[in-house]
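**Q** heads up, no residue letters with this:
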């Protein structure tokens, strides 16, 4: 672990903008002086939250931006928010002072707790200023609508009225009035297939195909295919020829419009691609090119000898026995078993115990729940084996009906060992307690196709998954360098890969929290409302300078991904908050963090940028692994590798928790420069005062008497992180500010408010 002595030499002093004559203007009581004004709108908060630092920051920001009123509004808003956090509500905006623009059917309020279409008012959310929906209106996404114009709820996912989305089963659905959802099979044309990409199920181009050349989108302005014949069969005239028809009107834009050769194009934005014809009597005609996703029976979309029938909008495949799906691409394996393999007519033995082992990699859309029920009603014991990461445990459990009959392996090679386990279980007589389905050392009692868990002290629930212990410890990471374990062990490393932060030590873990670094988002400017209609893709970044971060939580068979900008995916599908999964998973937005909580006490908080907090109740003590350590109260033994051994180095420890499917190269052995003058960073008689100069000695504050939070949050790891960033790593003030933000958040959670920002230090 990185210790205090692994530090470095001091950096240069920070520059402060010279305000000059502008200072008096921005300090007046109609600008930043509003914060200090004892007769102004903020006076009621002065006793709770000192305005001094906010005033200094306001003056600094307005000076730095030439008196820009936007900086004034941001500073006033920050102070008002701090007051609300302290329980003081302030009405300070007006038509002439930082008015807040609200969408239709809403009004600015200092304390907003909007009722939304899905969950109503959430009483646990902090009161914040914003736009309150008018009487008779509720929140739908980011809009206020009448109750009757609310959208639909499907599997606890909220969908706006008239919105359209794809589902895993190959259906395209639309939300209608009155919470009515209508779905129909999606029709993907030739060279397209139905798949999940960028958080949405839709028709996507098959790998290796250049789909833009096979069909057109919109009106076909961007079509660059090589069709050169009209829908009536007439050959196209070359675009650079003037006979038999003049093409001069398009010649000036020929390169941009792709007007080379005699291929069908749409340079004028007409209905669809067209061309001039070689027939002197017919000037131009549209071409016979399918619209993407609408290439009908002519493209032979139906598979496995299915028959294709055209309709007005697409096609319909009639599948032979044993196949299903919109293109008859799916072998309905479970129904085939029930109606074929286990029947006497097909050689089965209905009077004997039959066993079905279903192996899936998650790429089938075949329904599983009802066919599985049919098999079990026939007396068939069904086991489910998932291969790879695409199949979720919830689907496997639906197939097998019981978690003890579910197995998972990383690849098909792993089926050998899984096969042996299944064989041993089948041939020795079924024991519902093997393997033990009870978590946290619960004792399992076998029953008739059932089991009962007897829970140890502090645990409850049908599988001993719930915790009674109210004590909590938190593991955290911030920046791209600093990690702090449950037990307070501090580790610094510059890793741009994906790692296991924490998982429990049960034989079949209840949860797993992963930190995924090094992904680059194609468009970071997209808002959640835009995401619903646009794709977001991620790729591994080759640069370690600005790695983006995602946090993935695997729990209860679900995969929840918290992304930059406080965006969210549930099982790889983009969704809005709030997200409610049964009674056991909740995801909400709290301030500038997106927060996931479970019924057994797991809490994961991510600010969408650089701060991740993972909290667990005390009953998980000595029951965790990962970069967050073992949670046993002893910081000295946290650096254990994934196989349980003491790590030989920090790099060995980190690399052992890198995700196995991560192609990122492992971390090389590393060490940070030694601090040659550690005493220069410690508080002294000049700095150890209540009027602490942050800019002059930013790191010393943590260990000084001025730090009122030191008794509730150990400052030593944060001091170490600050010095690490301040010196030979050549990092700027923004990195130090990140450490202060994390420390101040932890202090605030424990009731201690630190007013640490100032005019020349970490201005907001």
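**A** Nice, thanks for sending it over. No experiment lies behind these values; they were computed from the predicted model shown. Numbers count the residues shown, from 1 in each chain.

**Q** Which helix or which strand is home to residue 375?
**A** Element membership for residue 375, per DSSP states H and E: helix 369-377.

**Q** Next secondary structure element downstream of that helix?
**A** The first helix or strand that comes after helix 369-377 along the chain, using DSSP H and E, is strand 380-387.

**Q** in that following strand, what's buried?
**A** 380, 381, 382, 383, 384, 385, 386, 387 (16 or more other Cβ atoms under 10 Å). Using the backbone N, CA and C atoms, a C-beta is placed for each residue, glycine as well.

**Q** The fifth one bridge partners, please.
**A** Pointing back at residue 384 there. For residue 384, the residues forming beta bridges with it (DSSP bridges) are residue 358, residue 406.

**Q** can you list the domain ranges for this protein.
**A** For the chain, the domain assignment from automatic domain parsing gives the residue ranges 106-154, 325-366+368-427, 469-656.

**Q** Pick the most deeply packed of those.
**A** Looking across the domains of the chain with neighbours counted as mean count of other Cβ atoms under 10 Å, the highest average goes to domain 469-656: a mean of 19.

**Q** what pLDDT, on average, does that domain get?
**A** The average pLDDT for domain 469-656 rounds to 78.

**Q** What is the distance between that domain and the centre of its chain?
**A** Taking the mean of its C-alpha atoms, domain 469-656 sits 11 Å from the chain's own mean (Cα atoms, centre = their mean, to the nearest Å).

**Q** Endpoint to endpoint, it covers what distance?
**A** With Cα to Cα, to the nearest Å as the measure, the ends of domain 469-656 fall 30 Å from one another.

**Q** Kindly report the same for stretch 46-53.
**A** Start-to-end span of stretch 46-53 (Cα to Cα) is 12 Å.

**Q** and if you look at stretch 375-395?
**A** Distance between the two ends of stretch 375-395: 16 Å, counting by Cα to Cα.

**Q** Now it: average pLDDT?
**A** Per-region confidence: stretch 375-395 scores 76 on mean pLDDT.

**Q** what about residue 496, distance to residue 666?
**A** Note on residue 496: its distance to residue 666, by Cβ to Cβ, to the nearest Å, is 11 Å.

**Q** again, but for residue 625
**A** With distances defined as Cβ to Cβ, the gap from residue 625 to residue 666 amounts to 19 Å.

**Q** Likewise for residue 282?
**A** Between residue 282 and residue 666 the computed distance is 67 Å (Cβ to Cβ).

**Q** ok, now residue 734?
**A** For residue 734 relative to residue 666 (Cβ to Cβ), the value is 28 Å.

**Q** what do you get for residue 77?
**A** Applying Cβ to Cβ, one obtains 44 Å for the distance of residue 77 from residue 666.

**Q** go on, residue 92?
**A** According to Cβ to Cβ, residue 92 stands 53 Å off from residue 666.

**Q** So these two - more neighbours on which side?
**A** Here residue 92 and residue 666 are set side by side on neighbour count (other Cβ atoms under 10 Å), and the busier one is residue 92, at 19 against 13.

**Q** so what pLDDT did that one get?
**A** So, for residue 92, pLDDT stands at 86.

**Q** hang on, isn't it packed against residue 76?
**A** Yes: under the contact definition of Cβ atoms under 8 Å, residue 92 touches residue 76, with a separation of 6.5 Å.

**Q** Overlap of the contact sets of the two?
**A** Between them, residue 92 and residue 76 share these contacting residues under Cβ atoms under 8 Å, 6 or more residues apart in numbering: 34, 42, 98.

**Q** And the residues you listed, which is the shakiest by pLDDT?
**A** For the shared contacts of residue 92 and residue 76, the pLDDT minimum is residue 98, 86.

**Q** Verify the stated contact: that residue with residue 79.
**A** No: taking contact to mean Cβ under 8 Å, the distance of 11.8 Å between residue 98 and residue 79 leaves them out of contact.

**Q** Next up, phi/psi of residue 556, please.
**A** Listed backbone geometry of residue 556 is phi 50, psi 40, with angles given as degrees, to the nearest 10.

**Q** That one - nearest residue in space that isn't next to it in sequence?
**A** residue 584 (5.8 Å; Cβ to Cβ, 6 or more residues apart in numbering).

**Q** separation between the one you found and residue 393?
**A** For residue 584, the distance to residue 393 equals 14 Å [Cβ to Cβ].

**Q** The protein: helices as residue ranges?
**A** Per DSSP state H, the chain has helices spanning 22-26, 52-64, 69-85, 248-251, 333-336, 369-377, 393-400, 415-427, 528-531, 650-656, 716-726, 733-749. These are given in chain order.

**Q** With distance to residue 154 added, can I get those helices in TSV?
**A** Below are the helices of the chain laid out as TSV (distance: least, Cβ to Cβ, whole Å):
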stretch	distance to residue 154
helix 22-26	52
helix 52-64	45
helix 69-85	35
helix 248-251	48
helix 333-336	23
helix 369-377	16
helix 393-400	16
helix 415-427	33
helix 528-531	18
helix 650-656	41
helix 716-726	44
helix 733-749	35
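
**Q** can you tell me which of those the model trusts least?
**A** Ranked by mean pLDDT, the helices of the chain bottom out at helix 528-531, which scores a mean of 26.

**Q** between the helices of the chain, which one is nearest to residue 229?
**A** Put simply, out of the helices of the chain the one that sits nearest residue 229 is helix 248-251, at 19.1 Å, with distance taken as Cβ to Cβ.

**Q** Can you point out the buried residues in that closest one?
**A** Applying a neighbour-count criterion of 16+ other Cβ under 10 Å, one finds residue 250 buried in helix 248-251.

**Q** Just the pLDDT for residue 128.
**A** In this prediction, residue 128 has a pLDDT value of 63.

**Q** An error on my part: the question was meant for residue 256.
**A** Taken from the predicted model, the pLDDT recorded for residue 256 is 60.

**Q** Could you shift the numbering so residue one becomes 728, and keep it that way?
**A** Shifting the count to begin at 728 puts that one at residue 983.

**Q** Tell me who's in contact with residue 1210.
**A** By Cβ under 8 Å, 6+ apart, the contact set of residue 1210 is 1202, 1203, 1204, 1217, 1218, 1219, 1220, 1354, 1355.

**Q** just the residues you listed now: which is nearest residue 874?
**A** Comparing every one of the contacts of residue 1210 with residue 874 (Cβ to Cβ), the shortest separation belongs to residue 1203, at 41.1 Å.

**Q** May I ask you to confirm that the closest one is in contact with residue 1334?
**A** No: applying Cβ under 8 Å, one finds residue 1203 not in contact with residue 1334, separated by 11.1 Å.

**Q** got the contact list for stretch 1356-1368?
**A** By Cβ under 8 Å, 6+ apart, stretch 1356-1368 touches 728, 1200, 1202, 1212-1216, 1218, 1343, 1347-1352, 1373-1374, 1377, 1379-1380, 1383-1384.

**Q** Among the contacts of residue 1210, name the ones in strands.
**A** 1202, 1203, 1204, 1217, 1218, 1219 (DSSP state E).

**Q** Of those residues, just say which sits nearest to residue 1475.
**A** After measuring the ones in strands among the contacts of residue 1210 against residue 1475 - Cβ to Cβ - the closest member comes out as residue 1203, at 13.8 Å.

**Q** where does the closest one sit relative to residue 1451, distance-wise?
**A** 16 Å.

**Q** Make JSON lines out of the ones in strands among the contacts of residue 1210 and add distance to residue 1339.
**A** Written out in JSON lines, the entries for those read as follows (distance: Cβ to Cβ, whole Å):
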{"residue": "1202", "distance to residue 1339": "9"}
{"residue": "1203", "distance to residue 1339": "7"}
{"residue": "1204", "distance to residue 1339": "5"}
{"residue": "1217", "distance to residue 1339": "15"}
{"residue": "1218", "distance to residue 1339": "14"}
{"residue": "1219", "distance to residue 1339": "15"}
